[in-house]
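> Requesting a structural model of the entry that follows:
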Amino acid sequence: MKSIRPGKQRKELFNAPLHKKRKWIASHLEENLLLKYDRRSIPVVKGDTVKVMRGSFKGHEDKIAHVNIKKRYVEIEGLTTTKADGKKIARPLHASNLLITKLNLTDKWRRKKLEKGLSEEAKKEIEKEAEQQLKQAEEEQKRKAEEEKEKAKEEVAVEETVEPAEKTEEITEPKPKEKVEEKPATETKKPKVKAEKKAVEEKKTPAKKTPTKTKKKKEGEK
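Numbers count the residues shown, from 1 in each chain. Prediction:
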């Protein structure tokens, strides 16, 4: 950035593409790492161990849980804030307030960048650290998978204990209701239909008989 004006600097910072913003989310290295890698700062990655140097959480040291590139902030494990409604959320921090104490070397592309211009002994040390970190990551994944399986088994056991109680209630409740409701419905419908048919027939018959009687009387008089 060539301009000294703060307005132009802010405009470029907010409107910059993501590949540039990603490089700007960087923190200083601790003194022993600075001498080892011959670098002052490096972009922060998920899994790096970091120490907070400023703010209310000063002195807290833990791993990075999430890096938000668009908003340019970092979330660290164990740092939370409470909202007005009582919910706890991760506390966002700027990368400039952090100091890297241990690097995450599981990514081979990151290792290649760090190994540029270093001696062969330093490269071997980096590779050894990377192997140890990969083993630890595999162990953590296995442990998490086992915990998930145990939780799933516990949930299934709880469901099995609850289901028989629900089934007994379902069996006992509907039977008496069905018997009581079906019988009167079938009995009441049939007599209504028969009574209606009889009433219609009785209305029709007297209308036909009247003309026959009058004809017989007239013939007798004649």
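> Centroid-nearest residue for this protein?
residue 89 (15.2 Å; C-alpha atoms, centre = their mean).
> In this structure that one contacts residue 66, no?
No - between residue 89 and residue 66 there is no contact under C-beta atoms under 8 Å: 11.6 Å. All C-beta atoms are positioned from the backbone trio N, CA, C, and that covers glycine.
> Quick one: mean pLDDT for the top helix by length along the chain?
Criterion DSSP state H: the longest helix present in the chain is helix 120-172. Confidence for helix 120-172, expressed as mean pLDDT, is 84.
> quick thing: my sequence starts at 27, can you match it?
Renumbered: residue one is now 27, and that last one reads helix 146-198.
> Would you map out the domains in the protein?
35-129, 131-194 (automatic domain parsing).
> got a markdown table for these, with distance to residue 27 too?
Listed next are the domains of the chain as a markdown table, based on distance: least, C-beta to C-beta, whole Å:
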| stretch | distance to residue 27 |
| --- | --- |
| domain 35-129 | 6 |
| domain 131-194 | 23 |
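> So which of those domains is the most surrounded?
Per residue and on average, the most neighbours among those fall to domain 35-129, with a mean of 14 (mean count of other C-beta atoms under 10 Å).
> Between the two ends of that domain, how far is it?
Chord length of domain 35-129, first to last residue, is 30 Å (C-alpha to C-alpha, to the nearest Å).
> and residue 34, that one's in a helix?
Yes - with DSSP: H, G, I helix; E, B strand; the rest coil as the criterion, residue 34 is assigned to a helix.
> Tell me which helix or strand comes right after the longest strand along the chain.
Longest strand in the chain, counting residues (DSSP state E): strand 99-108. Toward the C-terminal end, the helix or strand that comes next after strand 99-108 (DSSP states H and E) is strand 114-119.
> isn't residue 156 right up against residue 138?
No - taking C-beta under 8 Å as the definition, residue 156 is not a contact partner of residue 138, at 11.2 Å.
> which stretches of the protein have low pLDDT?
189-248 (pLDDT under 70).
> Repeat the analysis, applying 50 as the threshold.
211-215 (pLDDT under 50).
> what sits against residue 79?
123-125 (C-beta atoms under 8 Å, 6 or more residues apart in numbering).
> of the residues you listed, closest to residue 146?
Residue 146 lies nearest to residue 125 out of the contacts of residue 79, by C-beta to C-beta, at 28.4 Å.
> Return the list of strands paired to the helix or strand hosting the closest one, each annotated with direction.
Using DSSP H and E, residue 125 maps to strand 124-128. Partners of strand 124-128 in the sheet, by DSSP bridges, are strand 52-55 (parallel), strand 75-78 (antiparallel).
> Between helix 146-198 and that strand, find me the angle.
100 degrees (axes from the mean of the first three to the mean of the last three C-alpha atoms, to 10 degrees).
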